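# sequence? don't have it. structure:
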């Protein structure tokens, strides 16, 4: 008779379930990021068709959408990497921090890494 205790224990491993959840949350954030990117394009197109009623306001709104898009993309990348690091008990903070493009987000999530530059408050990546 085969011993199935190892299989049952592997399937009910709470750490594995948590990592699967982290990966699924990362996938959801990635989808939200892509939706946000599409929203940026749509809003920009609509504003163009309305002949730019408030150019300064539009610029700030599009910057905010762009920042949200980048934050969602970075968080998705981070969570997916944490989910993949299932063999390690604790992921390497420096390696995880290096995945993030936004320095301000990197600084907020990894404040103990003093060698990272948090000076991107005016960072804008136009779509």
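Sure thing, it's come through. Nothing here was measured: the structure is a model prediction, and the numbers come from that model.

# Quick one: low-confidence residue ranges for the chain.
1-14, 86-91, 114-127 (pLDDT under 70).

# hey, which helix is longest across it?
helix 14-49 (DSSP state H).

# Now do whatever helix or strand comes next after that one: which elements does it pack against?
Downstream of helix 14-49, the first helix or strand assigned by DSSP states H and E is helix 55-84. Contact here means 3 or more Cβ pairs under 8 Å, 6 or more residues apart in numbering; DSSP states H and E; on that basis helix 55-84 packs against helix 14-49, helix 93-97, helix 103-109. Bear in mind the C-beta positions are built from the backbone N, C-alpha and C, glycine included.

# circling back to that earlier point, list the buried residues in the longest helix of the chain.
19, 22-23, 25-26, 29-30, 32-33, 36-37, 40, 47 (16 or more other Cβ atoms under 10 Å).

# re earlier: which one, of the helices and strands packed on helix 55-84, ends up nearest to residue 73?
helix 14-49 (4.2 Å; Cβ to Cβ).
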